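Visitor: pasting the structure only:
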Ligand SMILES: [Zn+2]
């Protein structure tokens, strides 16, 4: 029979290696408001950002991003040949095209506008700002705002999608991961 101390040592060694394997730096979401708005709007975006941060650090988010398929094919549309694993790594690296550097942080700068259109938020590759349509911000639930924040921020990483609606667009990186976060956030709110 083996000495019990040997078993304990083995167990400790095993748990240490597990902890090491999981010691990736946690991802942060930092929101900056470039203009003021009502306390309700500010609070909604802050709550949505907090939920988003929680989701980005879960194993389920990793497995959904890496396991994404559409029409039976693994991968996203408009991915420019990137694998699901490369896309996940780019997300957790948090290196925005206009502000490069691996900081594991989603830097989100917010401005507001109002237009009775169907556009929820707008952003451009020339700017680090996410311009949020107050029409939708006021209607949306917190988890829908989380989905919008990640969608827009994914554009900051350089991921795009077609401008017009088509069935492929829903499987682009900003849309697919935006819906993913919206749904995971809804589950977190329900808990
Ligand atoms: Zn978009």
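Guide: Noted; the coordinates are in hand. Small disclaimer: the values here were computed from a predicted structure and weren't measured.
Visitor: longest strand of this protein?
Guide: Longest strand in the chain by number of residues (criterion: DSSP state E): strand 105-113.
Visitor: and the following helix or strand past that strand, which strands flank it?
Guide: Later in the chain than strand 105-113, the nearest helix or strand by DSSP states H and E is strand 121-122. Strand 121-122 has these partner strands in its sheet, going by DSSP bridges: strand 129-133 (antiparallel).
Visitor: between strand 105-113 and the strand it pairs with, find me the angle.
Guide: Per axes from the mean of the first three to the mean of the last three CA atoms, to 10 degrees, the angle that strand 129-133 makes with strand 105-113 is 40 degrees.
Visitor: centre of the chain versus strand 129-133, how much separation?
Guide: Centroid separation for strand 129-133 versus its chain: 16 Å, with CA atoms, centre = their mean, to the nearest Å.
Visitor: same check on stretch 84-94?
Guide: In terms of CA atoms, centre = their mean, the centre of stretch 84-94 is found 10 Å from the chain centre.
Visitor: contact partners of it?
Guide: Stretch 84-94 is contacted from outside by 24, 27-28, 56, 62, 65-68, 74-76, 79, 82, 102-107, 154, 157, 159, 173, 177, using CB atoms under 8 Å, 6 or more residues apart in numbering. The C-beta positions use only the backbone N, C-alpha and C, and glycine is treated the same way.
Visitor: for the record, mean pLDDT for that stretch?
Guide: For stretch 84-94, mean pLDDT rounds to 98.
Visitor: can you pull the buried residues of that stretch?
Guide: Across stretch 84-94, burial judged by 16 or more other CB atoms under 10 Å covers 84, 87-88, 90-94.
Visitor: give me the element residue 166 is part of.
Guide: Here residue 166 is assigned to no helix or strand, by DSSP H and E.
Visitor: just give the closest residue to the residue nearest the centre of the chain, not the sequence neighbours.
Guide: Closest to where the C-alpha atoms of the chain average out (CA atoms, centre = their mean) is residue 150, at 4.3 Å. Nearest residue to residue 150, sequence neighbours excluded (CB to CB, 6 or more residues apart in numbering): residue 181, at 4.6 Å.
Visitor: point out where this structure drops to low pLDDT.
Guide: Across the chain, the ranges flagged by pLDDT under 70 are 1-24.
Visitor: sorry, back to before: show me what the longest strand of the chain is packed up against.
Guide: Under the contact definition 3 or more CB pairs under 8 Å, 6 or more residues apart in numbering; DSSP states H and E, strand 105-113 sits against strand 28-33, helix 39-56, strand 129-133, helix 134-139, helix 142-156.
Visitor: got the contact list for the closest residue to residue 161 other than its chain neighbours?
Guide: In this structure, residue 161 finds its nearest non-sequential neighbour in residue 172, 3.5 Å apart by CB to CB, 6+ apart. Residue 172 sits next to 76-79, 159-162 when contact means CB under 8 Å, 6+ apart.
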